[in-house]
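# Have a look; sequence and predicted model below, questions after that.
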Amino acid sequence: MATMKPMKTTVYSTDHGRICPECDKPVASCICRQKKVVVPAKSGVRVGRETKGRKGKGVTVISGLPLDAAALEALAKELKKRCGSGGTVKEGVIEIQGDHRDVLLEDLVKRGWPAKKSGG
């Protein structure tokens, strides 16, 4: 029979405030969140348009984001909502249906990503 680890139930401490559920440290000094949010100075975030393999239908492609899968899914959901269209995340690349390069580029720059337009 497999043994189960006891769940951490501490989410708040009167001494330290909110506690990170992953590393069990105060959120202000949390190590695991800092690793996920780190953005390299030259990350090479590119916003382009592709039609290859889509029967002429264009999609806006965002590549070069240094995020894990869950963070990419969350960002894609917000960007799809902003554009009012569908899309997906494939192999670390966000694809949004239609040509929304200008809107997405502006939104990514506002979020602090050093994004550039790629292609023509």
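Everything's here; your move. Numbering: from 1, shown residues only.
# In the chain, which helix is the longest?
For the chain, the longest helix by residue count, based on DSSP state H, is helix 69-83.
# Low-confidence regions, the protein specifically.
1-9, 33-43, 120 (pLDDT under 70).
# quick one, strands of it?
For the chain, the strands defined by DSSP state E cover 12-13, 17-18, 45-50, 59-63, 87-90, 93-97, 115-117.
# Quick check: which of these has the most neighbours on average?
Of the strands of the chain, the one with the most neighbours on average (mean count of other Cβ atoms under 10 Å) is strand 59-63, at a mean of 21. All C-beta spots, glycine's among them, are computed from the backbone N, C-alpha and C.
# Walk me through which strands that one pairs with, and which way each runs.
In its sheet, strand 59-63 lies beside strand 45-50 (antiparallel), strand 93-97 (antiparallel), with partners assigned from DSSP bridges.
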